[in-house]
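[1] From the sequence below, what's the structure:
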Amino acid sequence: MSLLPRRWRLPYLALLTVIGLLLSASALQAYRLSGGRRLWEPFLWEFSSVAVIGALALGVHALVGRLLGRPWPRQLAAHAVALPLFSGLHIAGMFGLRLAVYGLAGLGYQPDDVPTLLVYEGGKDAVSYISFCLISRGIWMAQAASARAQELDRARRELAEVRLARLADQVQPHFLFNTLNLISAVMYEDVARADRLLCQLADLLRQTLAAQQRAEHTVREELALVQPFLALMQARFGPERLVVHIDAEAAALDCRLPALLLLAPVENAVKHDVARHRGCVTVVVAAAIEGGRLRLRISNHGDTPVPEAPTDPDGGLGLRNLRERLAARHGSAATVNFGPDGAGMSLALELPCVC
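    Numbering: from 1, shown residues only. The predicted structure is shown next:
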């Protein structure tokens, strides 16, 4: 039984028992019709054969596995040697068990002569051996196909993780360079203010670096990054130019999403739209659960009409990055909609809520 995995041993024994009982029941009918009186004899005859065949079948299975991938002439030569050995072991084991039981019962047992046994049992053994080889080959091929499928799935998961890591790495420099450009605008106008902004930026960068190491986190943790960024931008533009509203349902805060998913879209909403509006701009970040799915919305609205349409209808690098990250993580289960919304723009995300 060492050739059989532990989890398959009991089912295999059960299968052999069922086969033995079915064969014994059939042999019992013929035995009774022929006048036999010891009803246990048909069971001994059939179970002795099934027990030995069951053990030999495991050896055949191991042999077929070792021969897989070998040249056909070599396989046929191996089977030509194994078939007589299989039949000889079956006959010796089967009649050895019968003789032992009859001896313990104090009864005589006289099997047929050896040539007759070899012809009679050898023909049946050849059929059994070929059947076992075909079944075993199918099992080995199915296991190999399953192993290849698992390896392919593993490779795809690793590739997806590498792709996600690459996409996430794009967020950091993009965010950093744009923020530094915003801060540089006030360096010569208000040095103290620029210094304060740089300190706030350093704190925010430490948090984003920590977030990148986790690949994904909760909406609560994502908003913990978005809020200080918006505070930084309010300090940059002033509360008269930028108003921020964050509206997140309690049920949505525990949903998980790729780390730094919202930071680039929020950055674009501030960087581009505050500059494109002359008056006050309101940026809204909302999170809600609808129908078991997480819905996120980032919108910005100004007091004055937008003077010109955005040059990139897809939302630029940040939105392309966002779409690719969601597609890599959730496939078609996630949707992204971006477009004009009154005097501003709106980005709507919908993805599975996984806690």
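
[2] Secondary structure element holding the closest residue in space to S128 that isn't next to it in sequence?
    Counting by CB to CB, 6 or more residues apart in numbering, S128 lies nearest to I53, which is 6.4 Å off, once chain neighbours are set aside. For glycine as for every other residue, the C-beta is placed from the backbone atoms N, C-alpha and C. Secondary structure from DSSP states H and E places I53 in helix 40-67.

[3] Next secondary structure after that helix?
    If you walk from helix 40-67 toward the C-terminus, the next helix or strand you reach (DSSP H and E) is helix 72-104.

[4] between that next one and helix 40-67, how many degrees?
    Here helix 72-104 runs at an angle of 160 degrees relative to helix 40-67 (axes from the mean of the first three to the mean of the last three CA atoms, to 10 degrees).

[5] Could you list every helix and strand in contact with the helix holding I53?
    In terms of contact count using 3 or more CB pairs under 8 Å, 6 or more residues apart in numbering; DSSP states H and E, helix 40-67 is assigned the packing partners helix 6-33, helix 72-104, helix 114-184.

[6] would you turn those into CSV with mean pLDDT, mean neighbour count and distance to S49?
    As requested, the helices and strands packed on helix 40-67 are exported to CSV (pLDDT from 0 to 100; neighbours: other CB atoms under 10 Å; distance: least, CB to CB, whole Å):
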stretch, mean pLDDT, mean neighbour count, distance to S49
helix 6-33, 90, 13, 8
helix 72-104, 93, 15, 5
helix 114-184, 78, 14, 9
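
[7] Could you find the closest non-adjacent residue to A27?
    The spatially closest residue to A27, leaving aside those adjacent along the chain, is P42, at 3.9 Å (CB to CB, 6+ apart).

[8] Pull the number of nearby residues for that neighbour.
    20 (other CB atoms under 10 Å).

[9] Go ahead and confirm it touches L33.
    No - between P42 and L33 no contact is recorded; they are 11.5 Å apart, counting by CB atoms under 8 Å.

[10] ok, now how distant is the residue nearest to the spatial centre of the chain from L326?
    Most central in the chain under CA atoms, centre = their mean is D153, positioned 6.5 Å from the mean C-alpha point. With distances taken as CB to CB, to the nearest Å, D153 is found 20 Å from L326.

[11] now for the helix or strand that contains H330, which elements pack on it?
    Following DSSP H and E, one finds H330 within helix 316-330. Where contact means 3+ CB pairs under 8 Å, 6+ apart, helix 316-330 is packed against helix 114-184, strand 256-258, helix 263-276, strand 335-341, strand 344-352.

[12] Need the pLDDT of R66.
    We have a pLDDT of 91 for R66.

[13] what's around it, how many residues?
    Residues near R66, counting by other CB under 10 Å, number 12.

[14] next one: L201
    Counted with other CB under 10 Å, residues neighbouring L201 total 20.

[15] Surely it is within a helix?
    Yes - note on L201: a helix contains this position according to DSSP: H, G, I helix; E, B strand; the rest coil.
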